[in-house]
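**Q** When you get a sec, could you give me coordinates for this:
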Amino acid sequence: MRTLIGKRLLFAIPSLIGVVIVTFLLTRALPGDPAAYFAGPAATKEAVDQIRKKLGFDKPLIEQFVRYSNDLAHGDLGTSLTTGQPVAAELRNRLPASAELTLLGLVVSIVIAIPLGVLAATRPGSWIDHLCRVTTTAGVSLPVFFTGLVLVYVFYFRLGWAPAPLGRLDVFYSAPPTVTGFYLIDTLIARDFEAFRSALSQLILPAVTLAIFSLAPIARMTRASMLAVLASDFVRTARASGLSPGKVIVTYAFRNAMLPVITTLSMVFSFLLGANVLVEKVFAWPGIGSYAVEALIASDFAPVQGFVLTMAVMYVLLNLLIDILYGVIDPRVRLEG
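**A** Numbers count the residues shown, from 1 in each chain. Sure thing, here's the model as predicted:
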């Protein structure tokens, strides 16, 4: 297992270097001039040139990249021109909000999708099988931002059951002391149960939006994988040996069907990190996705580059976690490593 982890980390280094290069070039190729944006529409050409020189954008591209790479090597992601704050500090403060939303949405989808897929596979042609197919079709057909807007319209505007989609807490509550950055955990640590209720109510609609988006591929893969395993020889042998249906499904079929499901979970989590950008804008969620969008509109390069690099590191760590889970579930993966 250690050899496998070492190989994966070694292969991740060229990927991260490629992300740094491509992100740097793409941000410079985007339309818009940061110097002109911050100088204002009434600024003269001399004023714009002065700001551009102060920001270092007048230097050759290769010189800008060398300077950027040197700053990265020292852990400096730059400074946001719009907020005036270090990008690393901004990302560190906003990342827990995005992580809490993404993880809760993934947990909700797993709790629904995996049992739904297992039941659909063990009862092919039944009403629950048809429900699984309809649910997966609807999930992949609806854009995530459209789902979020519909949920806000129905549950906040029409029914009044949900709070206003304006961030992580109601305006009448203050943020808990930061321990983990996850409000659901920090409010419990602080024993502030009213703030916990407020944080949970603010999380429900955006988390359900992400869950609907991610439920479809998980349920579909669980159903397909379980159907394939249930038709295998070792499952028929287990049934012929007189084992109970529950033991056959849980002990033999379910574990062997989990490998493709875990692969799907890793891809879904990656998709959710991207979908977070849209969901955060719909619900005014103060995460790194909305931070990157605001910086992109302002042609603020440093936050965009920091956001993409953070996402790349998270993808690498996620893939490493998936490889470890593979080794836990299937010993053959450890032998190959």
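**Q** Tell me which helix or strand the nearest residue to Tyr68 once chain neighbours are set aside sits in.
**A** Leaving aside its sequence neighbours, Tyr68 sits nearest to Phe24 (C-beta to C-beta, 6 or more residues apart in numbering; 6.1 Å). Bear in mind the C-beta positions are built from the backbone N, C-alpha and C, glycine included. Using DSSP states H and E, Phe24 maps to helix 2-29.
**Q** Show me what that helix is packed against.
**A** Under the contact criterion of 3 or more C-beta pairs under 8 Å, 6 or more residues apart in numbering; DSSP states H and E, helix 2-29 touches helix 61-73, helix 301-329, helix 331-336.
**Q** on that earlier part again, local confidence estimate at the residue nearest to Tyr68?
**A** Model confidence at Phe24, given as pLDDT, is 80.
**Q** Convert stretch 62-77 to CSV, retaining C-alpha atoms only.
**A** Presented in CSV, the C-alpha positions along stretch 62-77 are these (Å, rounded to 0.1, in the frame of the first residue of the first chain):
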residue,chain,number,x,y,z
ILE,A,62,8.1,34.5,-19.1
GLU,A,63,9.4,36.9,-16.4
GLN,A,64,5.9,37.1,-14.9
PHE,A,65,5.7,33.3,-14.8
VAL,A,66,9.1,33.0,-13.1
ARG,A,67,8.0,35.5,-10.5
TYR,A,68,4.7,33.6,-10.0
SER,A,69,6.5,30.2,-9.7
ASN,A,70,9.0,31.6,-7.2
ASP,A,71,6.1,33.0,-5.1
LEU,A,72,4.4,29.6,-5.2
ALA,A,73,7.5,27.8,-4.1
HIS,A,74,7.4,30.0,-1.0
GLY,A,75,3.7,29.3,-0.4
ASP,A,76,2.6,32.7,-1.6
LEU,A,77,-0.5,32.6,-3.9
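**Q** ok, residues contacting it?
**A** 20-21, 24, 28, 56-57, 59, 78, 86-88, 91, 302, 305-306, 309 (C-beta atoms under 8 Å, 6 or more residues apart in numbering).
**Q** Those residues: which two are farthest apart?
**A** Spanning the widest gap among the contacts of stretch 62-77 are Lys59 and Leu91, at 25.5 Å by C-beta to C-beta.
**Q** Point out where this structure drops to low pLDDT.
**A** 1, 4-5, 30-33, 37-41, 43, 327-337 (pLDDT under 70).
**Q** need the longest helix for it.
**A** Longest helix in the chain by number of residues (criterion: DSSP state H): helix 193-230.
**Q** List the buried residues for the next helix or strand after it?
**A** Per DSSP H and E, helix 193-230 leads on to helix 233-240 as the next helix or strand towards the C-terminus. Residues Val235, Ala238 are the ones in helix 233-240 that count as buried (16 or more other C-beta atoms under 10 Å).
**Q** just stretch 313-327 next, same as before
**A** Met314, Tyr315, Val316, Leu318, Asn319, Ile322, Asp323, Ile324, Leu325, Tyr326, Gly327.
**Q** Over to stretch 113-129?
**A** Buried, per 16+ other C-beta under 10 Å, within stretch 113-129: Ala113, Ile114, Leu116, Gly117, Val118, Leu119, Ala120, Ala121, Thr122, Asp129.
**Q** wait, which of those is closest to Arg2?
**A** Ile114 (30.0 Å).
**Q** phi, psi of Thr79?
**A** phi -120, psi 140 (degrees, to the nearest 10).
**Q** how about the nearest residue to it, chain neighbours excluded?
**A** Nearest to Thr79 is Pro86, by C-beta to C-beta, 6+ apart, at 5.6 Å.
**Q** got the contact list for the one you found?
**A** Asp76, Leu77, Gly78, Thr79, Ser80.
**Q** Let's see if you can find the most crowded of the residues you listed.
**A** For these, the largest neighbour count, defined by other C-beta atoms under 10 Å, is 23 neighbours, found at Ser80.
**Q** Report how many residues lie close to the residue nearest to that residue when sequence neighbours are not counted.
**A** With C-beta to C-beta, 6+ apart as the criterion, Ser80 has its nearest non-adjacent residue at 5.0 Å, and that residue is Pro303. By other C-beta under 10 Å, the residues close to Pro303 number 28.
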